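Novice: here is a sequence with its predicted model. Questions after.
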Amino acid sequence: MIEKEQILDVAANLSKTGTNSIGDKNFQIKLAKLIIADEKGFSEQIIDIIKPEYFDNTHIKILFQYLLEYTNEYNTIPDFDILKNIIKENESNEHERDYLIQTLEGIEKSSTTDNNYIQKTSLDFCKKQSLKNGILKAADVWSKGDYDRYKNWWWISRRRIRCSFISYWWW
């Protein structure tokens, strides 16, 4: 049987390992383009497991926050024009608004030739992060003895992980 201390040690080591961002800025731009301009269903595979904090570029992180909020509300990925309108509606700082729109236009104009690599690498990264975060949450719940919360967490996490693997294999 696995001891509580073993789980907590694994969780502590997981929190220290690996990077928390997806690739470099150029990779993140290509990933954003693939998700927004998606024609083959990639966005449906990754949208439930990608998070804005996986991007180290501040402006791409903000764009993804808007993208995820829109997707959660309307159950579809916004196109570039919709994202521009969202930025104009929500950003009161003119300088920040202009820079976000320039970043979005740069993403829109970017070209991607290595789509399969970007998709596979991004999905793998997001799945590993989801699993890592799930283990860390489980260790936290276990260390506090809050087992009712664990039961709820388990079903939510199980559904998310299952959905991400089903969409990965379906595609």
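Specialist: Looks like it arrived, so ask away. These numbers come from a predicted model, not from an experiment.
Novice: please count neighbours and contacts with C-alpha atoms only from this point.
Specialist: Will do.
Novice: chain center to stretch 118-131, what's the gap?
Specialist: Centroid separation between stretch 118-131 and its chain, computed with CA atoms, centre = their mean, to the nearest Å, is 9 Å.
Novice: and that stretch, what's buried?
Specialist: Buried residues in stretch 118-131, counted by 16 or more other CA atoms under 10 Å: Ile118, Gln119, Ser122, Leu123, Phe125, Cys126, Lys127, Gln129, Ser130, Leu131.
Novice: any idea of the mean pLDDT for it?
Specialist: Stretch 118-131 shows an average pLDDT of 91 in the prediction.
Novice: before we move on, what about stretch 96-104?
Specialist: 96.
Novice: now do that stretch: everything it contacts.
Specialist: Counting contacts by CA atoms under 8 Å, 6 or more residues apart in numbering, the residues outside stretch 96-104 that touch it are His59, Ile60, Leu63, Phe80, Lys84, Ile87, Lys88, Glu91.
Novice: if you go through this protein in chain order, where are the helices?
Specialist: Secondary structure of the chain (DSSP state H): helices located at 4-16, 25-36, 42-46, 58-74, 80-90, 94-109, 115-144, 147-170.
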